[in-house]
Structure formats: C-alpha cells, structure tokens
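Asker: Quick one, what's the 3D model for this:
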Amino acid sequence: MMHHVIAALLVLCSASFVQAQTPHTDQRRTITVTGEASMDVQPDKAEIRIGVVTEGMDITKIKADNDRRVRAIFDALQRIGIAKKDIATTQLQISPVYEYTSGKRNLVKYQMQNAVTITLTKLDNVETVINEAVASGGNTLDQLTFLRTNSEQLRDSLQIEAARNARTRADALAGALGAKVLRPISISSNTHDYGNNFIVRGARSLNADAMQSTPVSGGTLDLSASVNVIFEIE
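Answerer: Numbering: from 1, shown residues only. As a prediction, this is how the structure comes out:
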C-alpha cells in the first residue's frame, strides 16, 4: 500500500513541475505601430578642423616649420576675433613613414601633424576662418560640421510628437477593424540627425586663392524621431 502512495505522490510532483516549466503565453490582443516626426532647423554653430602637415628627414626642421605655421594660424584667428577658448588642439603627432621593398622596411621620411578645431557661433565667419588659416600656413582641412546648440531639446520634443503620432495611427487602424486601443505595452524610440557633417579627405594641397573662391553654406539640419509602440486592444 505504501508503494502505491509514494508512486502517486511522485506522479503528482512531476505533473506540478511540468506545469511550472510551461512558458506563459500572453493572450492579450495587440497592435504595433510606428509614430514619426521630423523638422528642418537652421544650424547655429560650426566646427572647423584645420591643420598643418610637414614632412622631411630632419625631425627638428619639420617640427620647427610646423610650429611656426600653427602659431601663425593661432595669431591670424585671434586677429579676426576668434577667442582662445574656441580654438582647441585636436591632433598632435610625429611619426615615421616607411616603405617596404623586397621584404625590407626602409625609412622614407618623418611626418608631423598638428590640427586645431575652431568652434564658431557666427556662421558668417566660416569662410573667413578657413581662408585666414590657409593663408597662414594651414594645408589640411579634415572636417567642417554644422550643428544646432539646442538639438537635445528639439529631439525630446520630436519624440513626444512621434509618440502622439503613434497613438493616432493606432486609433485609426484599430477603429477600422472595430477594435479599441487600450494602454501601451512596449515603447522604444530612435532619433536621427541628417546632413551637414562634411568630411574632407586627402586635403593636402590647400591654398588661399582656392579657398577664397569656395563659398560655404550651412544649409539646414534634418532632425527626426520615430517611436515604436505595442498597444493592447480590445
């Protein structure tokens, strides 16, 4: 008799374990939508990365030449009213350059790179800054970026607008099918900035005359946000 009781208890425990391990399936009815919002804004800030590259076999000479030209750039920028706090060194490097012939490494030259990033809040000064920097000895223009200082606040407002758009779309779709939208179950969002980050590669032959004939425009910045929402419906 005791054997039968033990066997029955084992079967009951096994059944309970299987039931506990069975994954719970969400039986709620849902609808998934994506809300979107976007705006075009005028940039109000620019960052220019410009510098000097010097090359040669004598490290002392290429450093002296590089230092002289970078100091001339700093002086020129301050003459046209750019504050020291808006000029920052963002690259400083001296490195050997090798070539490989018949499996052997041969030293070709040394190269020094010194680049500064200039931050401007008056976009009318972009062309002047580039021209003055090049005229003073700058020979690399690596990047020109147009920005919006309050972009974070704009993204926040776009996310709110995108969330409202998601609810509007959900109501329209559910209503067309005779359903009613309830509370959101899941929310995820994304923001995007498009354009106005200009990367100039291989710019090693800049000269003042060429840059003076090249107009620069900040255009507009395209900010957008999307919100993916899963709503419960009935």
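Asker: Outline the domain layout of this protein.
Answerer: 28-42+149-195+220-234, 45-147 (automatic domain parsing).
Asker: What mean pLDDT does the last one get?
Answerer: Mean pLDDT, computed over domain 45-147, is 95.
Asker: Return the set of buried residues in stretch 102-113.
Answerer: By 16 or more other Cβ atoms under 10 Å, the buried positions in stretch 102-113 come out as Y110, Q111, M112, Q113. All C-beta atoms are positioned from the backbone trio N, CA, C, and that covers glycine.
Asker: could I get the residues you listed as TSV with secondary structure?
Answerer: Converted to TSV, these look like this (DSSP: H, G, I helix; E, B strand; the rest coil):
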residue	secondary structure
Y110	strand
Q111	strand
M112	strand
Q113	strand
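Asker: how about these, which pair is most distant?
Answerer: Y110 and Q113 (10.9 Å; Cβ to Cβ).
Asker: Now do the shared contacts for these two.
Answerer: I94 (Cβ atoms under 8 Å, 6 or more residues apart in numbering).
Asker: Which parts of this protein are strands?
Answerer: For the chain, the strands defined by DSSP state E cover 29-41, 45-56, 87-101, 104-120, 140-147, 181-194, 197-199, 221-233.
Asker: Dump these into TSV; add distance to A170 as well.
Answerer: Shown next, in TSV, are the strands of the chain (distance: least, Cβ to Cβ, whole Å):
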stretch	distance to A170
strand 29-41	5
strand 45-56	38
strand 87-101	47
strand 104-120	43
strand 140-147	35
strand 181-194	5
strand 197-199	35
strand 221-233	5
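Asker: Now do I73 against T149, distance only.
Answerer: Remark: distance between I73 and T149 (Cβ to Cβ, to the nearest Å) = 25 Å.
Asker: between the two, which one's more packed in?
Answerer: Neighbour count, other Cβ atoms under 10 Å: between I73 and T149, I73 has more, with 24 against 11.
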